[in-house]
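A.B. asks: Prediction below, plus the sequence it came from.
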Amino acid sequence: MRDTETKSQQAVTGLVSFVGAGPGDPELLTIKGRKAIEEAGLVLYAGSLVPPEVVACAGPDALVADSAPLTLEQCHALVRDAALAGKNVARVHTGDPSLYGALREQAELLERDGIPWRVIPGITAACAAAAAAGVAFTVPEVTQSLMISRMEGRTPVPERERLAALAAHKTSLAVYLSAHSASALQAELARSLPPETPVLCAHRVGWPDQQLHWTNLGDLARCVEEHGITRQTVFLILPGELEKGAASRLYAADFSHGRRKSGRKI
């Protein structure tokens, strides 16, 4: 193909935006994400995980389609046809597209077909759950790290990333996609953490029927069973909640930084 033809094709090809819809609350959609949906000729969203209210801002002439019953190839066919027809596409994912979002395989198909794309981040369920419960993942002088992982299911987990190995670091953990294996999750974590370790079970965070249940590691499986929570649940494992920790140094009078000089007398 000649350069002039390539440039002509690129000029009419629409932009595909992978939009992070956040955990469920339409008001937690970013302004940039909302704008991408408003300007799209095709809005393809994961209807099993993204509430219709999130994509209700789509334009009156846009095609709004649920990707839940579709295969990867069927989704790509819709996106490709719209983009090559000069329409922008909003591919709306739950939470943030970079986390358990099947982003790589979709992007590879777009690259293959010469279709431009970008990612607009969203709020992931772990952060939304922490906000809803009013907790912090980091505690000065106790833990300064957050690990995100899952139990093995139909998608395997590398041996080096087994939850017992991660939990041995005694940092905060956010465990996704694991409510169906609550007993196994409890047993795995118990290999490295004491039974009194605080756990927040956050179900359908940001949805009208959101549930937040505090428990401890020793009662995790019972909590899941009692409340009947299965899908769309994230577990926050918070060893730091057992310790008081220290105050952040950021606002201490004797702590100087680029915007404030220390008040310490020399």
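C.D. replies: That came through, no problem. Residues are numbered from 1 along each chain as shown.

A.B. asks: nearest spatial neighbour of residue 38, skipping sequence neighbours?
C.D. replies: The shortest distance from residue 38 to any non-neighbouring residue, by C-beta to C-beta, 6 or more residues apart in numbering, is to residue 57 (5.4 Å). Every residue, glycine included, has its C-beta placed from N, CA and C.

A.B. asks: For the one you found, which phi and psi angles does the backbone take?
C.D. replies: phi -80, psi 0 (degrees, to the nearest 10).

A.B. asks: Same question for residue 90.
C.D. replies: In terms of degrees, to the nearest 10, the main-chain angles of residue 90 are phi -110, psi 110.

A.B. asks: can you pull the contacts of it?
C.D. replies: Residue 90 is in contact with 17, 19, 36, 37, 39, 40, 42, 43, 44, 45, 55, 58, counting by C-beta atoms under 8 Å, 6 or more residues apart in numbering.

A.B. asks: Apply 7 Å and report the result again.
C.D. replies: 17, 19, 36, 37, 40, 43 (C-beta atoms under 7 Å, 6 or more residues apart in numbering).

A.B. asks: Distance to residue 159, pLDDT and neighbour count added to these, as a markdown table?
C.D. replies: What follows is the contacts of residue 90, written out as a markdown table (distance: C-beta to C-beta, whole Å; pLDDT from 0 to 100; neighbours: other C-beta atoms under 10 Å):
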| residue | distance to residue 159 | pLDDT | neighbour count |
| --- | --- | --- | --- |
| 17 | 36 | 98 | 23 |
| 19 | 34 | 98 | 32 |
| 36 | 39 | 98 | 24 |
| 37 | 40 | 98 | 25 |
| 40 | 41 | 98 | 27 |
| 43 | 40 | 98 | 26 |
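
A.B. asks: Can you list which of those are found in strands?
C.D. replies: Members of these lying in strands (criterion: DSSP state E): 17, 19, 43.

A.B. asks: My read is that the last one contacts residue 91, right?
C.D. replies: What that stands for is residue 43. No: because the distance of 8.4 Å does not satisfy C-beta atoms under 7 Å, residue 43 is recorded as not touching residue 91.

A.B. asks: what does the helix or strand where residue 76 lies rub up against?
C.D. replies: When secondary structure is defined using DSSP states H and E, the element that contains residue 76 is helix 72-84. For helix 72-84, the surrounding residues in contact (C-beta under 7 Å, 6+ apart) are 13-14, 16, 41-42, 44, 65, 67, 89, 91, 105-106, 109, 113, 115.

A.B. asks: what about it, average pLDDT?
C.D. replies: For helix 72-84, the mean per-residue pLDDT is 97.

A.B. asks: what are the phi and psi angles of residue 190?
C.D. replies: The phi and psi torsions at residue 190 (degrees, to the nearest 10) take the values phi -70, psi -10.

A.B. asks: How about residue 220?
C.D. replies: Per degrees, to the nearest 10, the residue geometry at residue 220, taken as phi and psi, is phi -60, psi -50.

A.B. asks: buried stuff in stretch 54-65?
C.D. replies: Along stretch 54-65, the positions that meet the burial threshold by neighbour count (16 or more other C-beta atoms under 10 Å) are 54, 55, 57, 58, 62, 64, 65.

A.B. asks: Can you pull the phi/psi pair for residue 202?
C.D. replies: phi -110, psi 110.

A.B. asks: how about the helices of the protein, start to end?
C.D. replies: Under the criterion DSSP state H, helices of the chain are mapped to 3-12, 31-38, 72-84, 103-112, 125-133, 163-167, 182-190, 220-227.

A.B. asks: any idea which of the contacts of helix 72-84 is closest to residue 122?
C.D. replies: The shortest approach to residue 122 among these belongs to residue 91, at 12.0 Å (C-beta to C-beta).

A.B. asks: residues in contact with that closest one?
C.D. replies: Neighbour list for residue 91: 16, 17, 18, 19, 44, 79, 106 [criterion: C-beta under 7 Å, 6+ apart].
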